[in-house]
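1. make a model of this:
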Amino acid sequence: MNYRVPQPVPQVILDDVRGAQKMLSGVSRVTPMEGSRHLSALTGSPVHLKCENLQRTGSFKLRGAYVRIAGLRPEQRAAGVVAASAGNHAQGVALASALLGVHATVYMPVGAPLPKVAATQEYGADVRLHGQVVDETLAAAEDHAERTGAVFIHPFDHRDVIAGQGTLGLEVLEQCPEVRTILVGIGGGGLAAGIAIAVKALRPDVKVIGVQAAGAAAYPPSLRAGHPVAIDSPTTMADGIKVGRPGDIPFQIIGELLDDVRTVTEDQLSSALLLCLERAKLVVEPAGCAPVAALLAEPERYADGPVVAVLSGGNVDPLLLQGILRHGMAAAGRYLSLRLRVADRPGALAGLLAVLSDTDANVLDVSHVRTDPRLGLAEVEVELHLETKGPEHCAAVARALHGAGYAVIG
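-> Now for the predicted structure:
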């Protein structure tokens with residue numbers, strides 16, 4: 001990266017990360033590192049997946065939350081803590097507080113997925129639903145802190161949080177000492193900043209590359225401007241990295257230490273999630289799939305040595321997962337939707353389905369339209385949703401239908 005931030009980097013150093021690692025011993029898991037044969041073949045170099053989706057609470061957030069709360073003075077612990085989150089940070093703060101005997105209040109958006117709300121409550125936090133977007137929820141949590149004296153636990157913009165997240169970088173170097181490139185998703189920047197501090201102090205030759213969703217990519221314009229820049233209405237399915245403005249402390253560290261920040265599309269995110277599920281047998285949330293999406297988008301960039309992709313979390317609402325899987329299969333050319341007209345007579349649909357059977361396409365859904373004024377008296381419009389084997393199979397199905405005399409109209 002050619003951008004360098006002139007301000008001094010905050011005093012978060014390797015010793016802070018090592019101290020956090022000792023503090024987290026017996027609290028956070030040393031999550032496994034798994035090789036990916038498919039991604040390795042795609043890039044031409046070994047690719048390993050750092051499975052932080054298997055961490056306690058389902059994401060890396062426990063690391064930073066525990067270190068931050070454990071560092072509070074006794075009177076601060078007695079006052080309790082408060083946080084705002086749509087999911088992962090909420091669960092990390094809730095479990096960390098329970099382990100340390102601290103009362104936690106967590107504000108979550110009204111529309112937060114029910115499984116995440118339930119999990120946060122089960123870890124012992126007092127959950128309060130407020131606001132439609134995270135900014136409103138954050139304001140409510142900060143107001144709670146001012147009114148009650150509870151300590152606000154920021155999800156990424158605090159040195160203790162960054163040090164805690166940096167322990168993941170130490171694990172990567174221990175588990176894959178030959179690593180040449182580390183890919184990590186970026187929202188506010190706490191995880192990427194922590195990993196960069198640990199890795200660059202011990203192995204300055206290792207590239208650390210951040211990945212953002214294109215619809216919520218606040219870091220590229222911020223790095224160009226030399227200071228954090230807020231973007232209006234960030235939009236992405238990857239709610240774990242859906243942050244409209246970089247954190248002040250992570251921004252300085254990332255500007256100094258990261259080698260690059262790249263962006264990925266929604267199609268690439270959904271395809272990456274599908275790949276993790278099918279090929280690696282891992283449930284990973286969209287934000288956690290961002291590094292894999294970067295590998296899929298430009299595999300040729302990573303041919304110069306072992307790559308570690310950090311799967312930062314696995315907390316995904318089942319309903320959202322269902323939609324993302326459909327989106328991912330469509331992006332991979334494995335769904336085909338067609339509209340065509342057939343004669344409105346007995347056996348016409350059976351004849352159409354026979355053609356599709358010969359192509360080995362799986363019919364998921366069929367619907368009829370008979371009342372459209374554009375139809376003739378003896379016509380019916382049929383809409384089909386098919387499961388296919390990829391773009392080439394889709395083309396073969398279309399050719400077979402055309403060859404059998406069917407005109408596809410949409």
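2. C-alpha only now, for contacts and for neighbours.
-> Will do.
3. and the residue nearest the centre of this protein?
-> With distances taken as C-alpha atoms, centre = their mean, the residue of the chain nearest its centroid is Ala287 (0.8 Å).
4. which residue comes closest to that one once chain neighbours are left out?
-> Ala238 (4.5 Å; C-alpha to C-alpha, 6 or more residues apart in numbering).
5. residue boundaries of the helices in the stretch 301-410 of the chain?
-> Ranges of helices within the stretch 301-410 of the chain are 318-331, 348-359, 391-403, based on DSSP state H, counting those that start in this stretch.
6. switch those helices over to TSV; also include distance to Pro109, mean neighbour count and mean pLDDT.
-> Shown next, in TSV, are these (distance: least, C-alpha to C-alpha, whole Å; neighbours: other C-alpha atoms under 10 Å; pLDDT from 0 to 100):
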stretch	distance to Pro109	mean neighbour count	mean pLDDT
helix 318-331	16	17	78
helix 348-359	46	14	89
helix 391-403	39	15	89
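7. now render the ones you listed as a markdown table, adding distance to Val261.
-> Listed next are these as a markdown table, based on distance: least, C-alpha to C-alpha, whole Å:
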| stretch | distance to Val261 |
| --- | --- |
| helix 318-331 | 24 |
| helix 348-359 | 44 |
| helix 391-403 | 31 |
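8. of all the ones you listed, which one is nearest Val283?
-> helix 318-331 (9.4 Å; C-alpha to C-alpha).
9. by contact count, what packs against that closest one?
-> The helices and strands touching helix 318-331, judged by 3 or more C-alpha pairs under 8 Å, 6 or more residues apart in numbering; DSSP states H and E, are helix 266-279, strand 335-343.
10. closest one to Met108 among the helices of the stretch 301-410 of the chain?
-> helix 318-331 (17.7 Å).
11. starting at the chain centroid, how far to the closest one?
-> Centroid separation for helix 318-331 versus its chain: 14 Å, with C-alpha atoms, centre = their mean, to the nearest Å.
12. what sits up against that helix?
-> Asp267, Leu269, Ser270, Ser271, Ala272, Leu273, Leu274, Tyr335, Leu336 (C-alpha atoms under 8 Å, 6 or more residues apart in numbering).
13. so what's the closest residue to Ala407 other than its chain neighbours up against?
-> Closest residue to Ala407 apart from its sequence neighbours, by C-alpha to C-alpha, 6+ apart: Leu340 at 6.0 Å. Contacts for Leu340 (C-alpha under 8 Å, 6+ apart) come out as Glu381, Val382, Glu383, Tyr406, Ala407, Val408, Ile409, Gly410.
14. CSV please, covering these and showing distance to Leu114, neighbour count and pLDDT.
-> Formatted as CSV, those follow (distance: C-alpha to C-alpha, whole Å; neighbours: other C-alpha atoms under 10 Å; pLDDT from 0 to 100):
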residue, distance to Leu114, neighbour count, pLDDT
Glu381, 39, 21, 82
Val382, 37, 18, 81
Glu383, 34, 19, 85
Tyr406, 46, 15, 85
Ala407, 45, 14, 77
Val408, 42, 14, 83
Ile409, 41, 10, 80
Gly410, 37, 8, 70
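15. show me the residues you listed that map onto strands.
-> Glu381, Val382, Glu383 (DSSP state E).
16. and the gap between the first one and Gly35?
-> For Glu381, the distance to Gly35 equals 48 Å [C-alpha to C-alpha, to the nearest Å].
17. quick one on the thing from earlier: which one of the contacts of helix 318-331 is nearest Gly244?
-> Distances from Gly244 to those, taken by C-alpha to C-alpha, are shortest for Leu269, at 18.5 Å.
18. surely the residue nearest to the centre of the chain touches Ala216?
-> No: applying C-alpha atoms under 8 Å, one finds Ala287 not in contact with Ala216, separated by 11.2 Å.
19. what do those two both touch?
-> Ile241.
20. so what's Gly111 closest to, chain neighbours aside?
-> Closest to Gly111 by C-alpha to C-alpha, 6+ apart is Gln132, at 6.5 Å.
21. so that neighbour versus Met108, what's the distance?
-> Applying C-alpha to C-alpha, the value for Gln132 to Met108 is 9 Å.
22. re the thing from before, I'd like the ones in strands among the contacts of Leu340 laid out as JSON lines, including distance to Gly187.
-> Below are the ones in strands among the contacts of Leu340 laid out as JSON lines (distance: C-alpha to C-alpha, whole Å):
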{"residue": "Glu381", "distance to Gly187": "46"}
{"residue": "Val382", "distance to Gly187": "44"}
{"residue": "Glu383", "distance to Gly187": "40"}
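23. closest to Pro299 among the residues you listed?
-> Nearest member of the ones in strands among the contacts of Leu340 to Pro299, counting by C-alpha to C-alpha, is Glu383, at 36.9 Å.
24. what are the buried residues along stretch 159-175?
-> 159-173, 175 (16 or more other C-alpha atoms under 10 Å).
25. same check, this time on stretch 22-40
-> By neighbour count on 16+ other C-alpha under 10 Å, the buried set for stretch 22-40 is Met23, Leu24, Val27, Ser28, Val30, Thr31, Met33, Ser36, Leu39, Ser40.
26. repeat that for stretch 224-231.
-> Buried, per 16+ other C-alpha under 10 Å, within stretch 224-231: Gly226, His227, Pro228, Val229, Ala230, Ile231.
27. and the nearest residue to Val366 once chain neighbours are set aside, how far from Ser337?
-> Leaving aside its chain neighbours, Val366 sits nearest to Leu384 (4.8 Å; criterion: C-alpha to C-alpha, 6+ apart). Leu384 sits at a distance of 6 Å from Ser337 (criterion: C-alpha to C-alpha).
28. what's the answer for Pro391, then?
-> 13 Å.
29. where does the stretch 151-300 of the chain have low pLDDT?
-> Counting by pLDDT under 70, the stretch 151-300 of the chain contains no low-confidence segment.
30. that one: strands as residue ranges?
-> Taking DSSP state E, counting those that start in this stretch, the strands of the stretch 151-300 of the chain run over residues 151-152, 181-185, 207-213, 260-264.
31. just give me how far the longest one sits from the chain centre.
-> In terms of C-alpha atoms, centre = their mean, the centre of strand 207-213 is found 12 Å from the chain centre.
32. next, the angle strand 260-264 makes with it.
-> On the basis of axes from the mean of the first three to the mean of the last three C-alpha atoms, to 10 degrees, strand 207-213 is oriented at 30 degrees to strand 260-264.
33. which elements pack onto strand 207-213?
-> Packing partners of strand 207-213 (3+ C-alpha pairs under 8 Å, 6+ apart): strand 181-185, strand 260-264, helix 290-297.
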